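Q: Here's a sequence, model it:
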Amino acid sequence: MLNCNKKSGQIVSFRHFDYIFAPTVFSNKRIINKTNMNMKKIANYLVPTLSLAAIVFSVAALNQTHAATSNTPSVTTMTEMTSMPAAQPVDLTYAAEKALPSVVYIRSVINSKIQTVEVQSDPFEDFFSDPFGGFFGRGQRGQGNTPKRQVQTPKRDAAGSGVIISADGYIVTNNHVVDGADELTVSLSDNKEYSARVIGADKTTDLALIKIDGRNLPAISIANSDNVKVGEWVLAIGNPLGLNNTVTAGIISAKARTLGANGVESFIQTDAAINQGNSGGALVNTNGELIGINAMLYSQTGSNIGYGFAIPTTMMNKVVDDLKQYGTVQRALIGISGRDVKAQVDQEKEEGKEVTDYGTMEGIYVAEVVESSAAAEAGIEKGDVIIEVDGQKVTKFGDLSGIIAQKRPGDKVTITYLHNKHKHTKQVTLRNEQGTTQVVKNADLDVLGADFREVTQQQKEQLEIQYGLEVIKVTGGKMKEAGVPKGFIIRQVNDEPMKTVEDLQEAVKTASTSKEPVLIIKGVFPTGKRGYYVVQLDN
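A: Numbering: from 1, shown residues only. Predicted coordinates for the structure are as follows:
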């Protein structure tokens with residue numbers, strides 16, 4: 001993400017995950033707008049490569065073509081054969097043997113839960129619904145005044161892959177492999193099993209760091225993904241479709257690819273077969289060194305058709321370091337939204353406008369500049385084109401995302417851009433989403449200075465509510481500053497229901513790293529009177 005609001009970054013069209021759950025089958029897909037892949041008329045799917053519990057076998061017809069041969073080759077044929085360059089076969093066995101022990105199988109369990117879902121309207125509901133509009137838990141309604149009901153979800157199993165990056169048990173995987181998991185089990189290539197815990201996760205890059213209690217584990221060697229070249233041989237290692245320890249081979253098809261699925265993207269594209277279950281697995285070079293974390297495939301069918309994508313190690317290293325040190329990613333922002341110059345020119349043509357001469361067909365067209373951002377400091381304006389950052393050529397948005405993803409707030413970068421086709425170079429200081437250069441840390445409940453507990457059954461019946469958190473003690477901190485009293489029952493925080501103390505912890509964590517670190521608390525007093533408070537988390 002390159003600016004400090006949700007509209008920042010590359011202007012793309014995409015939809016978030018659609019989950020389809022069965023008792024033991026976990027599947028999810030992302031729908032991609034084909035504008036980003038120059039395939040506009042076919043609806044394709046980006047499938048984060050989580051494995052299904054069942055193994056899917058596909059049978060392909062093999063067609064064999066026999067060429068006519070002669071017992072005695074002609075002189076011409078022999079001359080042509082001898083003039084051809086000698087073949088250079090690539091031996092990938094060393095890379096496979098070296099990297100395989102470092103790739104693990106991850107099984108996640110999501111326990112049965114009570115969830116609130118929207119349902120079709122009941123014509124008789126108005127006669128029996130809560131006259132307070134669902135504030136007290138009955139007759140709840142969603143957006144568009146749609147009725148909501150509570151349902152119990154089945155227990156679900158999911159599976160994916162991970163890569164051991166340290167001998168003491170740190171493992172990198174995808175966020176979507178572990179997101180929402182109540183239990184995580186890691187199986188090594190020698191079939192040893194460990195329970196794992198999540199150290200931190202970052203949805204924006206789709207990376208997660210987990211930990212197992214082990215010693216002398218086979219950590220993988222990590223290479224600099226910036227050094228890989230298109231056409232270079234690679235291996236994808238993971239656990240697709242329940243087939244553990246699977247190795248597939250291919251080449252680097254492209255670099256710095258953006259798809260519009262994650263907030264920050266600069267994918268390595270490969271034609272090495274990646275299927276469901278490869279998520280979080282390793283993409284390695286011919287030396288068996290890690291160059292990327294396999295994240296997703298691009299397909300019309302849900303199975304591999306030659307388009308797999310991995311998160312580069314340059315981005316992975318920064319995310320891992322931040323999660324270890326701060327508990328959250330320190331994300332630096334330039335403060336623009338925009339698109340590739342070619343995409344901008346194509347849009348002008350489609351809209352029937354006169355095509356603008358930007359002085360180049362490579363670079364990032366700036367569609368918007370955030371006020372008081374690094375870009376504004378550099379004097380960048382709407383319509384300018386960014387062509388270099390720190391001397392590195394920027395031809396497409398993935399280049400820019402990849403460079404900035406390695407930076408932290410407070411870092412200085414040199415930006416070269418075209419304004420009215422004239423080149424300008426400025427050094428700027430990158431900022432975080434809150435517009436500062438300070439370290440952003442996940443806040444915990446201690447910052448609130450209060451103790452909480454789930455409401456009792458007696459309180460539920462008395463106040464006609466189904467859930468809530470009672471403030472049982474206020475010792476200081478942000479709750480006292482906001483005037484929240486003992487006995488107040490918290491029902492919602494930032495429009496999210498508060499059913500457990502863990503819900504409140506997550507709300508505090510999310511708000512503390514957002515652009516506006518504020519908690520809007522809605523609830524009810526012991527007398528039944530409703531109320532709300534605004535709690536500022538920043539200083």
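
Q: got any ranges where the protein has weak pLDDT?
A: Within the chain, the stretches with pLDDT under 70 are 1-89, 115-148, 442-444, 539.

Q: So T314 belongs to a strand, correct?
A: No - T314: not assigned to a strand; according to DSSP: H, G, I helix; E, B strand; the rest coil it is helix.

Q: what about the helices in the stretch 251-400 of the chain?
A: Per DSSP state H, counting those that start in this stretch, the stretch 251-400 of the chain carries helices over the ranges 313-325, 341-350, 374-377, 397-404.

Q: most tightly surrounded among those helices?
A: helix 397-404 (a mean of 24; mean count of other C-beta atoms under 10 Å). Quick note: C-beta positions are derived from backbone N, CA and C, even for glycine.

Q: Run through who's touching that helix.
A: 2, 9-10, 255-258, 264-267, 312, 314-315, 332-334, 338-340, 364, 386, 389-390, 392-394, 413, 430 (C-beta atoms under 8 Å, 6 or more residues apart in numbering).

Q: Among the residues you listed, name the buried ones.
A: Judged by neighbour count, with 16 or more other C-beta atoms under 10 Å as the criterion, the buried members of those are 2, 9-10, 255-258, 264-267, 312, 314-315, 332-334, 338-340, 364, 386, 389-390, 394, 413, 430.

Q: Go through those residues and flag which are in strands.
A: Among the buried ones among the contacts of helix 397-404, the members found in strands (DSSP state E) are 9-10, 255-257, 267, 312, 338-340, 364, 386, 389, 413.

Q: Could you export the helices of the stretch 251-400 of the chain as TSV, including distance to N304?
A: As requested, the helices of the stretch 251-400 of the chain are arranged in TSV below (distance: least, C-beta to C-beta, whole Å):
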stretch	distance to N304
helix 313-325	22
helix 341-350	27
helix 374-377	39
helix 397-404	22
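
Q: what comes into contact with stretch 220-228?
A: Contacts with stretch 220-228, where a contact means C-beta under 8 Å, 6+ apart, come from 98-99, 102-103, 163-165, 234, 252, 255, 268, 282, 284-285, 287-292, 312-315, 317.

Q: Can you list which of those are found in strands?
A: Among the contacts of stretch 220-228, the members falling in strands (DSSP E) are 103, 163-164, 234, 252, 255, 268, 282, 284, 290-292, 312.

Q: wait, which of the residues you listed is closest to V172?
A: Of all those, V172 sits closest to V163, with 5.2 Å by C-beta to C-beta.

Q: what pairs with that closest one across the strands?
A: With DSSP bridges as the criterion, V163 is bridged to V103, V172.

Q: shouldn't it be in contact with V104?
A: Yes - the pair V163 and V104 passes the contact test of C-beta atoms under 8 Å, sitting 7.4 Å apart.

Q: I'd guessed I305 sits against N275; true?
A: No - counting by C-beta under 8 Å, I305 stays clear of N275, with 10.3 Å between them.

Q: Which of those two has more residues huddled nearby?
A: Using other C-beta atoms under 10 Å as the criterion, I305 and N275 rank with N275 on top: 26 against 14.

Q: contacting residues for S166?
A: Contacts of S166 by C-beta under 8 Å, 6+ apart are 217, 219.

Q: actually Q458, not the one I typed
A: Applying C-beta under 8 Å, 6+ apart to Q458 gives no contacts.

Q: That one looks like it's in a strand, true?
A: No - looking at Q458 with three-state DSSP, it is helix, so not inside a strand.

Q: distance of I404 from G162?
A: 26 Å (C-beta to C-beta, to the nearest Å).

Q: Quickly list what's touching both of I305 and N275.
A: Listed contacts common to I305 and N275 are L297; contacts here mean C-beta under 8 Å, 6+ apart.

Q: How many neighbouring residues does A95 have?
A: Using other C-beta under 10 Å as the criterion, A95 is surrounded by 22 other residues.

Q: who touches it in this structure?
A: Neighbouring residues of A95 by C-beta under 8 Å, 6+ apart: 235, 284-288.

Q: make it 10 Å
A: Residues counted as contacts of A95 (C-beta atoms under 10 Å, 6 or more residues apart in numbering) are 233-235, 237, 247, 249, 284-289.

Q: do the same with P526
A: By C-beta under 10 Å, 6+ apart, the residues touching P526 are 459, 462-463, 470, 485-489.

Q: Among the residues you listed, name the ones in strands.
A: 470, 489.

Q: so who does Y417 touch?
A: Residues counted as contacts of Y417 (C-beta under 10 Å, 6+ apart) are 336, 363-364, 366, 375, 378-381, 384-389, 394, 423-426.

Q: Shouldn't it be within a helix?
A: No - assigned with three-state DSSP, Y417 falls outside any helix and is strand.

Q: Give me the packing partners of the helix or strand containing I210, helices and strands only.
A: Here I210 sits within strand 207-212, counting by DSSP states H and E. When contacts are defined as 3 or more C-beta pairs under 10 Å, 6 or more residues apart in numbering; DSSP states H and E, strand 207-212 packs onto strand 103-110, strand 156-164, strand 170-173, helix 175-178, strand 183-187, strand 193-202, strand 290-299, helix 313-325.

Q: Residues contacting the fifth one, please?
A: If I follow you right, that is strand 183-187. Applying C-beta under 10 Å, 6+ apart, the contact partners of strand 183-187 are 104-111, 157, 159, 162, 164, 169, 171, 173, 177-178, 192-198, 210-212, 214, 239, 244.

Q: If we use 6 Å, what do you get?
A: Applying C-beta atoms under 6 Å, 6 or more residues apart in numbering, the external contacts of strand 183-187 come out as 104-109, 193-194, 196, 212.

Q: cool, and stretch 527-539?
A: With contacts defined as C-beta under 6 Å, 6+ apart, stretch 527-539 is touched by 443, 478, 482, 484, 511-512, 517-519, 521-522, 524.

Q: from the residues you listed, which ones fall inside strands?
A: Using DSSP E, the subset of the contacts of stretch 527-539 located in strands is 518-519, 521-522, 524.

Q: between those, which is nearest P497?
A: K522 (10.1 Å).

Q: Spit out the contact partners of L418.
A: For L418, the contacting residues are 359, 385, by C-beta under 6 Å, 6+ apart.

Q: what's the answer for the one 3 residues further on, then?
A: The contact partners of K421, by C-beta under 6 Å, 6+ apart, come to G359.

Q: Tell me how far it lies from S108.
A: K421 sits 52 Å away from S108, going by C-beta to C-beta.

Q: quick one on the thing from earlier: I'd like the ones in strands among the buried ones among the contacts of helix 397-404 as CSV, with distance to E371 appended.
A: Listed next are those as CSV, based on distance: C-beta to C-beta, whole Å:
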residue, distance to E371
G9, 17
Q10, 20
K255, 33
A256, 28
R257, 31
F267, 31
P312, 31
G338, 16
R339, 20
D340, 24
I364, 19
I386, 18
V389, 21
V413, 19
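
Q: No more questions from me, cheers.
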